[in-house]
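>>> Please work out how this folds:
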Amino acid sequence: MTGELSLTGAWNGVFTYPRQDGSVSFAVTLVESGGRFNGTSVEPCSLKGCPLETHSATLAGVREESAVEFTKLYDTAVRGYGTVQYEGRLNDDRTEISGRWTNRSSSGTFLMTRSRGNKAVAERRAFERA
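Residues are numbered from 1 along each chain as shown. Predicted coordinates for the structure are as follows:
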């Protein structure tokens, strides 16, 4: 079953800050093997006066059926959020993961959607020509 639900691939996401401080988009690349996965994440720096254009992070986690848990470790501390825990659920068609993130002082929600690869684009174009 692990292969059927593999998280391997490119994902786009958004997470919300508590108290309606806004949201931040991010891009993730994951590689899963045997229910464990690793990856990288890149997001724009949303801090006022931030000296960096983007922040990067490494991810490590586990997936059991549709339950997904991972830790995001920023390369540089962002608002003191050096490490963030994520818990979510993979939807039935394996295109979205939604849930909550937490760190030592706050939490919020997140949504990740699987990026459409070249295969999906090629299939759509073939269908449009038919």
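>>> which ones are touching the closest residue to residue 107 other than its chain neighbours?
The shortest distance from residue 107 to any non-neighbouring residue, by C-beta to C-beta, 6 or more residues apart in numbering, is to residue 100 (5.8 Å). Every C-beta, even on glycine, is put in place using the N, C-alpha and C of the backbone. Residues counted as contacts of residue 100 (C-beta atoms under 8 Å, 6 or more residues apart in numbering) are 86, 87, 88, 107, 108, 109, 110.
>>> Give the buried subset of these as a ChimeraX selection command.
Buried residues within these, by 16 or more other C-beta atoms under 10 Å, are selected in ChimeraX with:
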select :86,88,108,110
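>>> Could I get the pLDDT score of residue 120?
Residue 120 carries a pLDDT value of 47.
>>> returning to that earlier point: who's the residue nearest to residue 107 bridged to?
Beta bridges link residue 100 to residue 87, residue 109 when assigned by DSSP bridges.
>>> Look up how far residue 42 lies from it.
21 Å (C-beta to C-beta, to the nearest Å).
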